[in-house]
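Trainee: everything below, folded, please.
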Amino acid sequence: MKLTPGTAAFTVFLASLTAVGPLSTDMYLPSLPDIARDFSADAGTVQITLSAHLIAFAGSQLFYGPLADRHGRRPVLIGGFLLYMAGCFASLFVATIDQLILARILQAVGGGASVVLARAIVRDLYEGADAGQMLARMAAIMGLVPALAPMLGGVVQDVYGWKANFIAMGAFGAVLTFMVAVNLNETLPAARRQSAAPLAILRAYRRLIADRRFLKYLAIASAAFCGLFAFVSGSSFVLQGLYGYSPIAYGLCFGAMAGGYVAGSLTGGRLVRRLGIDATLRFGGFCAALGGLLMLTGLLTTPSALGIVAPIVIYGFAMGATMPQAMAGALTPFPDIAGTASSLLGFLQSVAGALAGLYVGHGADASAMPMVGTIAAMGVTTFAIAMSGRKRQGLT
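Mentor: Modelled structure (predicted):
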């Protein structure tokens, strides 16, 4: 049975494509301390399995978008998922932390196709507030993955060990590959396909970089994502290592943050219809700054695990309200190069997050401040960018 745009099944499918990224990072977070013990590695080295994955995930997106703008969405998705599954199963046979990092890179190179092309498919079919609402619905469903993945990963870690998490990721990739091959119709008409010649790709990227609207939405998405990835990178070491949480308890805390993300996505999807994209982003930016500053204040006054977990739920809410609308705002002006625009957005956002993760990872096992300080700074930055240009644009 083919998937029909506008149906719940189609929305869930697109959300599942975008969930490949967070699943690939969040499910094995409870395993990071155990991986460190198995390979006799420190927290900073083990964190490279996250940051290297994210950098490779980002870099691959630069190629998937232009390829999909030339050849269509389906064949590029299938090729990406084959690489993703190869990386997952290679992780089962590694003997050193360096080999695990390489397997994670292969997994990321394949997984980059899914998130780029999910957004491109949305732009093929929707624009403006309609695209923002669709992306918000996808984000609300996708938000269940970071809510459930660490909890499931914690259970799998306790029962079967860390390698079993990579088996689960590979199986998820196999299911999506089958659905793309059997159930998905091509959404990019032949008349809208672009050249994949290097000069044509460079011209498309130059066009995007020269557009102030694109740059503003890119900056909002990147700043917000930096704060989120700071938590992803450092939270297992802070909550499990410094505050003594078990893998399952840590998964529950991570799930609370993801629950905030789902609530924010649903709220943003409703607000964008009434207020527009920019006003919704200002609301999300305010919530991001509030969550980050509350966390920093708590750490400086009365440090506790609750002082981290409660504010990160607010920050998660802000992410849900902000990210889908920033993506919709960035992609709407470029229907002819939606894949390329999605690629550049995903690449730069992911690189920013990876740099934040590297910074946090090298101090997360000794202090919560690198993680908390980064989240607070990025929340304030997100709000500041969202508020910029308000006088020129009016109150929309």
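Trainee: could you use CA atoms for every contact and neighbour count after this?
Mentor: Fine.
Trainee: can you report how many residues lie near G298?
Mentor: By the measure other Cα atoms under 10 Å, the count of residues near G298 is 17.
Trainee: what's the neighbour count on the nearest residue to it once chain neighbours are set aside?
Mentor: The shortest distance from G298 to any residue other than its chain neighbours is 5.3 Å, reached at G307 (Cα to Cα, 6 or more residues apart in numbering). G307 has 17 neighbours, counted by other Cα under 10 Å.
Trainee: got it, and the one 5 residues further on?
Mentor: Here the neighbour count serves as a burial measure; for I312 (other Cα under 10 Å) it reads 30.
Trainee: which helix or strand contains it?
Mentor: Element membership for I312, per DSSP states H and E: helix 306-331.
Trainee: could you list the buried residues of that helix?
Mentor: Along helix 306-331, these residues count as buried under the neighbour rule (16 or more other Cα atoms under 10 Å): 307-331.
Trainee: which strands and helices sit next to that helix?
Mentor: Contacts defined by 3 or more Cα pairs under 8 Å, 6 or more residues apart in numbering; DSSP states H and E place helix 306-331 against helix 128-142, helix 212-235, helix 247-275, helix 277-301, helix 338-361.
Trainee: contact partners of the helix or strand where L14 lies?
Mentor: In the assignment (DSSP H and E), L14 maps to helix 8-26. Around helix 8-26, the neighbours that count as contacts under Cα atoms under 8 Å, 6 or more residues apart in numbering are 3-5, 50, 111-112, 114-115, 118, 134, 137-139, 141-143, 145-146, 149-150, 153, 169, 173, 176, 232.
Trainee: now, of the residues you listed, which are buried?
Mentor: Applying the neighbour count, that is 16+ other Cα under 10 Å, the buried entries in the contacts of helix 8-26 are 3, 50, 111-112, 114-115, 118, 134, 137-139, 141-143, 145-146, 149-150, 153, 169, 173, 176, 232.
Trainee: of all the helices and strands packed on helix 306-331, which lies closest to M378?
Mentor: In this view, the helices and strands packed on helix 306-331 are compared for proximity to M378 by Cα to Cα, and helix 212-235 is the closest at 5.3 Å.
Trainee: quick one, that closest one and helix 338-361 angle?
Mentor: Helix 212-235 and helix 338-361 meet at an angle of 40 degrees, taking axes from the mean of the first three to the mean of the last three Cα atoms, to 10 degrees as the criterion.
Trainee: now do helix 212-235 against helix 247-275: the angle between them, please.
Mentor: Here helix 212-235 points in a direction 160 degrees away from that of helix 247-275 (the same axes, to 10 degrees).
Trainee: C-alpha coordinates for helix 212-235, CSV please?
Mentor: Listed next in CSV are the C-alpha coordinates belonging to helix 212-235 (Å, rounded to 0.1, in the frame of the first residue of the first chain):
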residue,chain,number,x,y,z
ARG,A,212,19.6,37.0,4.7
ARG,A,213,16.3,35.2,5.5
PHE,A,214,18.0,31.8,5.2
LEU,A,215,20.9,32.9,7.3
LYS,A,216,18.7,34.1,10.2
TYR,A,217,16.7,30.9,10.3
LEU,A,218,19.9,28.9,10.1
ALA,A,219,21.4,30.8,13.0
ILE,A,220,18.3,30.3,15.2
ALA,A,221,18.3,26.5,14.4
SER,A,222,22.0,26.2,15.0
ALA,A,223,22.1,28.1,18.3
ALA,A,224,19.1,26.1,19.7
PHE,A,225,20.7,22.8,18.6
CYS,A,226,24.0,23.7,20.2
GLY,A,227,22.2,23.9,23.6
LEU,A,228,20.4,20.6,22.9
PHE,A,229,23.6,18.7,21.9
ALA,A,230,25.4,20.1,24.9
PHE,A,231,22.9,18.2,27.0
VAL,A,232,23.0,15.1,24.8
SER,A,233,26.9,15.1,25.0
GLY,A,234,27.3,15.8,28.7
SER,A,235,24.1,14.6,30.5
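Trainee: and the angle from the helix or strand hosting V115 to helix 306-331?
Mentor: Assignment of secondary structure by DSSP H and E places V115 within helix 97-125. Our comparison of helix 97-125 with helix 306-331, counting by the same axes, to 10 degrees, yields an angle of 50 degrees.
Trainee: fine by me, thanks again.
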